[in-house]
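1. prediction below, plus the sequence it came from.
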Amino acid sequence: MILEKIKKILKAEIITGAENLQMEIKMGCGCDLMSDVLAFIKPDSLLLTGLTNPQVIRTAEMADIKAICFTRGKKPDKETVKLAKSKNIPLLLTDLPLFEACGRLYKEGLAGCSEINE
């Protein structure tokens, strides 16, 4: 699923990375524990989370996450946005709660990380 479609489904705004809206996202993962992200997420995923600190960007870089969507209307600080820009990781923002955002994407066909074998 391309990032632009994800943006529309979640009624999200692009914080950074608008030039990457045609990026292909293979699967999604909703999580607020970065240790779980490192343990379970697969490369080329979208991370949906309510955490907005720079550690989310560092985790995304380590796990080869393609993009991040912040849920519950939570906005990242300038440091987090700057780090995402430097790592070329698109950031989206939706007002939807984490559960509902994941559900909408799954309903529209975005696979979960447990469904795709590497």
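-> All right, it came through fine. Just so you know, these numbers come straight off a predicted model, no measurement behind them. Numbering: from 1, shown residues only.

2. so the spatially closest residue to residue 14 that is not a sequence neighbour, which of the three states?
-> Nearest residue to residue 14, sequence neighbours excluded (C-beta to C-beta, 6 or more residues apart in numbering): residue 92, at 5.9 Å. Just so you know, the C-beta spots here come from the backbone N, C-alpha and C atoms, and that holds for glycine as well. Under DSSP: H, G, I helix; E, B strand; the rest coil, residue 92 falls in the strand class.

3. now do the one 3 residues further on
-> Here residue 95 is coil, with the state taken from three-state DSSP.

4. OK, contacts around it?
-> 11, 72, 73 (C-beta atoms under 8 Å, 6 or more residues apart in numbering).

5. with residue 67 instead?
-> Listed by C-beta under 8 Å, 6+ apart, the contact set of residue 67 reads 3, 6, 17, 20, 23, 25, 46, 47, 89, 90, 91, 92.

6. got a pLDDT number for the closest residue to the fourth one other than its chain neighbours?
-> Put plainly, it is residue 20. Among residues not flanking residue 20 along the chain, residue 90 sits closest, at 4.7 Å (C-beta to C-beta, 6+ apart). On pLDDT, residue 90 comes in at 98.

7. and the gap between residue 90 and residue 69?
-> For residue 90, the distance to residue 69 (C-beta to C-beta, to the nearest Å) stands at 9 Å.

8. over to residue 110?
-> Relative to residue 69, residue 110 is positioned 11 Å away (C-beta to C-beta).
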